[in-house]
Structures are given as C-alpha cells and as structure tokens.
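**Student:** make a model of this:
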Amino acid sequence: MRALQPHPYPRLALALLVAALAGCSSLAPGPEKDKTYNITILHTNDHHGRFWKNGDGEYGMSAQKTVVDQVRKEVAATGGSMLLLSGGDINTGVPESDLQDAVPDFKGMNLLGFDAMAVGNHEFDKPRAVLQMQRDMAKFPMLSANIYDHGQRMFAPYKIFNVGGVRVGVMGLTTEDTFKMVLPDNVKDVEFRSVVNEARQVVPELRAKADVVIAATHMGHYPNGQHGSQAQGDVEMARAVKGIDLVVGGHSQNPVCMKAENVRDEAYVPGTPCAPDRQNGTWIVQAHEWGKYVGRADFTYRNGEFKLVHYALIPINLKKTVQGADGKPAKAYYTSEIAEDPAMLAVLTPYQNIGQEKLGITVGSSDARIEGDRSIIRAQPAAMGVLVGLSMLAKTQADFAVVNSGGVRDSLPAGPLTYKDVLKVQPFGNTISTVEFTGAEVMDYLNATAKMTAGSGAFPQFAGIRLVIADGKVSSASIRGVPIQPTTTYRMAVNNFQAVGGDGYPKLLAHPSYTNTGFVDADVLRGYITSHSPLKAADFAPGDAVVRK
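**Tutor:** The predicted model follows:
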C-alpha cells in the first residue's frame, strides 16, 4: 500500500500527514501473547544511480531483484514477513542516471517492492521540482522527521506497517549536514533540525503505537561516535535516544561489520560473516553502497522481545582479482553468480541505452589509472584531486586551487576516456569560482581547510601550492616555489559549492573579488583531458606537495 505523501504546500502537508497517521489506526490490534513472529528486514543504502551493473558485471538492480525475490519467497514459505528499506541517497553518481533524473532508479525500486526509504542529502542535488517528481513516482514513502519546510515537516516522519501481525514503525532521519552539502537554492527555506531532538520527540510517539521501532537514517556510522567535523551519526543518536530497536543506515557508505565493541572491520571481505553494531540496545546496520550488498536481518518477535537471530550482507555479484589460467590478473566471484531478473532488465534496458548513446563519446586517454577512490581521496592527497585542481587552474588562470574531495566521485581508468568517465568523476554540475586574496587571507582560508577531517567529503585536495600542515594548522605555504607573502595578491579557484559554504568551507560570496565564472566543472575537466591527452598519470602524482605532521 502506498503511504500518503505530504504535499509541498505547508497547510495541506500537515492535513495530509495527520490523515496518514490517523490511517494507522486500521492496523492489526497487535501481536498475540506467547506467539513467535518471524520478521526479516532487507536493506540497501547510498544507491547513487547504480541501476545498471558495472563494467565487471557487479551489482545492478536486476541481480538485486533476483536476491530480493528469493528471500521474499523463502520468508513467506516459512510463515514469516518482510520489509525492504533504503537508507537513502538514490541520486547522483552515474551519468546514465544523472542525465535522466534517477527515473530508472525509482522505477527499479518500485519493481523491487521497497516499503520505505530515508531521505538522503543527495535527494536535494537537483531543483525541488525534480524531487517532487521522484516523490510522485515512488510507490513507497520517503521519510524524514527532521526536515522542515517553512516550519512544517517536509516529509512524513514515519510510517507504521503491519508486518505479519506485528506493528512496525519506521522513522526517517536525515543528516543535519545536508544544508551545507547542496546548493542553497535547492534548500531555500528548508531546515535540517537536530536528529537527536527530533528522534526524542518521535520515538515515544511511535512506541505508543508500534511494537517495533526502526529508524531508516541517512546520517552515517562513525565507530564509537567519533564523527569529527561531520554531523552526529547513528551511533551518537542510538546512545542519546532509548527505544529504537534497529537503525537501517546510510551516508558513510561502509559495511557496518564490527570486529569488536566500537571497532569496525575496515577490511571486510564480501561473503564472510558480518556482525552489526550494537549501541544502547539498538542494532545498527549499513550495506556499504551502490547496491553492492543486500543486507538481511532476521528477527523474532515474541511477547515484546525483538531478537536478532541472524544477520548477513549478501554480495551482489561482487568480484575479486585472482590469477587467471594464463598467469594474468582475472576477476572471480566472491560467492556464486546471481542471475539478472528479466522483468527488471526489460524496465531498465531502454534507460541504459539512452544513457550510453549520450555518454559514449571518447574525449581523450590516459596511460594509467588516475586515483580518485573515495577511501583514498578523502584521507590523503590523491592524483584525481591534483588533476581536477589543475584543470581549474588552466581554465581560470588562478594561482592555486582547493578541491573538496566529496566533489570527486571516481577515478579515471587507463586507456580511452569517454564523457561518461568524466561525469562519473564530477557528476554535480558545479561551476568554477575564483577570488582574489591577499596572502594573509590565503593563510586564513588554508588554516580553515586544514581543520577538515580526514574521511569526510570536506577533506581538501590542492593544486598549484605546496603546504606543510602541523597539528591542524598550516606552518608553511608556497606558490611557484616562493613563500606566500601577506600583502601579495593571489587568485584561488574553488567550485561554487565550496564558495557558498558547502562542506563547512568559508563563505566567499561577500568577498569583493568573488566571481562565479559559470564554467561547469565536468566540462572544464573534459576540456583539459582533451587538450592534454594522452594523459600521463605520473604527472598528477601528489608527491610531497602537501605534508601533514
């Protein structure tokens, strides 16, 4: 059954929300005493446009549907019931999806039979009209209790489901960092309130109506609550708010598999056992990213006790590199191959074909891979950060560039490079901005970037400048081999997302010299690749240009 969605106009939104919640009274009266109920929760998160399998045949919604259908059939055959939930971020990441406003992704989710999803920050990457179109298309509720539009909740805060006779309340929550992670025009008059405060209000309300409370969140999992410069995540919320049985999370894009208490297994191997986190009586799960896994949590409910019986991350055709028969590297499945569902393929193939036609144009080549993997570029200087920065310098004639690592979403492969490869690196359509700084202002700005936490999208990449950062402060900085002089003027290039304060960067719009060039970042990178091809990957190695002590 499709849940009522709040209308974009506040008064009607409130009326619809009240009606939706009032409709919950038609649910079953509750579970029987001394009866055991089997409940399975399947979950994914951070889909990011991956409706189609990748070049190695990994993940994709067609294979995902095969798994979901098999589990659904198995659960039904044993007398159990199931919910399928998403931790959000359906949008942004793959050009075929981005160019089509994630229409194939939401159609795929409908066919998979999702019951609800948390609203992710990337749901605000495009204008509000696109978000409204996606809400209208979805046959399931998009939930968030802490997003307010003109003082009224923008989305339903929760939905109560009758899961085989057990009343399961699913609450949505969205990272408070969203306002600084998207363009301001897309969240004008929108508030992202405290997840802890909103959860403290909603959970008691849900506990009065439901037997089980689940939070579908897009907040991130930070081991032992160490969230650095990022907003509070699932661990912090679970510790602060009693009464949540399960958190189905997203945003940090990790497999939440614990080695020990408060110690996450950062080298989790697909297909091996996975122990979810447990905080303050709350289970916390997250299925990495991109549909690489379907998380499966099997519970029993009996006389008020919601007990985890088994948990697993099911790899969706993930592969490892092995030595082939010819002695060369080859790909092999971690587990057995999963066939693609024909019905899902029939829905998605036309969208994939349209995307391929638009994106298959060759724009250049590289002699080796240029590294931009998320785990690397958000933690240390990376070649892709240097390349993006250099492309900005070439276009704007700036002296140096600062690139937020969250704006770089992929690596460039060796060999021919297509427009699709470029858009996978920079999918947001940001524009390049410049500002004329005195040396003193440069140092202030650089010291602000030095405080950005490794692991976050704010973590800075640089081009055209050499830095030594010690104890979170710049101890030396030079451009073209000359130390920065306090009264000398320098031109800096950043993207407009950073310029407006995105990811917590200093706001630049009020600076007298601020200029938005209008050059789109992906087009700038494309032009640089074309004019400098074949690229030599060694030219972009960061080396010791930025040293942290």
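**Student:** after the lowest-mean-pLDDT helix or strand in the chain, heading C-terminal, what element do we hit next?
**Tutor:** Within the chain, no helix or strand scores below helix 10-22, which has a mean of 39 by mean pLDDT, DSSP states H and E. Toward the C-terminal end, the helix or strand that comes next after helix 10-22 (DSSP states H and E) is strand 37-44.
**Student:** now the very next helix or strand once past that next one: mean pLDDT?
**Tutor:** Later in the chain than strand 37-44, the nearest helix or strand by DSSP H and E is helix 61-77. Mean pLDDT, helix 61-77: 98.
**Student:** equivalent analysis for stretch 150-166, please.
**Tutor:** Averaging pLDDT along stretch 150-166 yields 97.
**Student:** just want the angle from the helix or strand hosting L345 to helix 61-77.
**Tutor:** Per DSSP H and E: L345 is located in helix 342-359. With axes from the mean of the first three to the mean of the last three Cα atoms, to 10 degrees applied, the angle from helix 342-359 to helix 61-77 works out at 160 degrees.
**Student:** can you give me the buried ones in helix 342-359?
**Tutor:** Residues of helix 342-359 classed as buried: M344, L345, V347, L348, Y351, Q352, G355, L359 (neighbour count, 16 or more other Cβ atoms under 10 Å). (Glycine included, C-beta is placed from N, CA and C.)
**Student:** how about the contacts made by the nearest residue to K536 once chain neighbours are set aside?
**Tutor:** Of all residues not flanking K536 in the chain, D367 sits nearest, at 5.5 Å (Cβ to Cβ, 6 or more residues apart in numbering). Contacts for D367 (Cβ atoms under 8 Å, 6 or more residues apart in numbering) come out as A414, P534, L535, K536, A537.
**Student:** and the pLDDT at the second one?
**Tutor:** According to the predicted model, the pLDDT of P534 comes to 97.
**Student:** could you number the chain from 25 rather than 1 from now on?
**Tutor:** All right, first residue 25 from here; so that's P558.
**Student:** any idea how far E465 is from the nearest residue to T455 once chain neighbours are set aside?
**Tutor:** Once flanking residues are discounted, T455 sits nearest to N520: 4.7 Å by Cβ to Cβ, 6+ apart. Applying Cβ to Cβ, to the nearest Å, the value for N520 to E465 is 19 Å.
**Student:** got it, and P536?
**Tutor:** Following Cβ to Cβ, the distance that separates P536 from E465 is 11 Å.
**Student:** more neighbours, the two?
**Tutor:** Per other Cβ atoms under 10 Å, whichever of P536 and E465 has more neighbours is E465, with 18 against 6.
**Student:** surely the more buried one is in a strand?
**Tutor:** No. Assigned with DSSP: H, G, I helix; E, B strand; the rest coil, E465 falls outside any strand and is helix.
**Student:** who's in contact with it?
**Tutor:** No residues are in contact with E465 under the rule Cβ under 8 Å, 6+ apart.
**Student:** then G188?
**Tutor:** Counting by Cβ under 8 Å, 6+ apart, G188 has contacts Y61, N62, I63, G104, S105.
**Student:** among those, who's most crowded?
**Tutor:** Compared across the contacts of G188, I63 has the highest neighbour count, 22 neighbours, by other Cβ under 10 Å.
**Student:** please name the nearest non-neighbouring residue to that residue.
**Tutor:** I63 sits nearest to F323 (Cβ to Cβ, 6+ apart), 4.7 Å away.
**Student:** quickly list what that neighbour is bridged to.
**Tutor:** Beta-bridge partners for F323, by DSSP bridges, are I63, L332.
**Student:** surely it meets Y335?
**Tutor:** No. Using Cβ atoms under 8 Å, F323 makes no contact with Y335, being 9.4 Å away.
**Student:** these two: which has the busier surroundings?
**Tutor:** Shown here are F323 and Y335; by other Cβ under 10 Å, F323 has more neighbours (24 against 19).
**Student:** ok, and what's touching stretch 482-491?
**Tutor:** 253, 401-403, 405-406, 408-410, 412-414, 416-417, 422-430, 432, 470, 473-474, 476-477, 498, 500-503, 527-529, 569-571.
**Student:** residues near D495, how many?
**Tutor:** Count around D495 with other Cβ under 10 Å applied: 8.
**Student:** nearest spatial neighbour of D213, skipping sequence neighbours?
**Tutor:** Using Cβ to Cβ, 6+ apart, the closest residue to D213 is H174 (5.4 Å).
**Student:** and S390, its phi and psi?
**Tutor:** As for S390, its main-chain torsions (degrees, to the nearest 10) stand at phi -140, psi 140.
**Student:** can you pull the contacts of it?
**Tutor:** L436, P437, A438, G439, L441, S557, P558, L559, K560, A561.
**Student:** helix, strand, or coil at the nearest residue to D527 once chain neighbours are set aside?
**Tutor:** Leaving aside its chain neighbours, D527 sits nearest to A482 (3.8 Å; criterion: Cβ to Cβ, 6+ apart). Following three-state DSSP, the label given to A482 is coil.
**Student:** equivalent analysis for the one 4 residues further on, please.
**Tutor:** Three-state assignment for F486 (three-state DSSP): strand.
**Student:** against T473, how distant is it?
**Tutor:** 8 Å.
**Student:** how about N519?
**Tutor:** For N519 relative to T473 (Cβ to Cβ), the value is 14 Å.
**Student:** could you do A494 as well?
**Tutor:** When A494 is compared with T473 (using Cβ to Cβ), they lie 14 Å apart.
**Student:** A153 too?
**Tutor:** For A153, the distance to T473 - Cβ to Cβ - is 34 Å.
**Student:** between these two, which one's more packed in?
**Tutor:** T473 (23 against 10).
**Student:** which strand residues bridge the residue lying closest to that one once chain neighbours are set aside?
**Tutor:** Nearest non-adjacent residue to T473, counting by Cβ to Cβ, 6+ apart: P484, 4.3 Å away. Beta-bridge partners of P484, counted by DSSP bridges, are N428.
**Student:** the host helix or strand of T458: which residues count as buried?
**Tutor:** Assigned by DSSP H and E, T458 falls within strand 455-462. Residues T455, I456, S457, T458, V459, E460, F461 are the ones in strand 455-462 that count as buried (16+ other Cβ under 10 Å).
**Student:** possible to save those residues as JSON lines with distance to G267 and pLDDT?
**Tutor:** Formatted as JSON lines, those follow (distance: Cβ to Cβ, whole Å; pLDDT from 0 to 100):
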{"residue": "T455", "distance to G267": "45", "pLDDT": "89"}
{"residue": "I456", "distance to G267": "47", "pLDDT": "94"}
{"residue": "S457", "distance to G267": "45", "pLDDT": "93"}
{"residue": "T458", "distance to G267": "50", "pLDDT": "94"}
{"residue": "V459", "distance to G267": "48", "pLDDT": "94"}
{"residue": "E460", "distance to G267": "54", "pLDDT": "94"}
{"residue": "F461", "distance to G267": "50", "pLDDT": "96"}
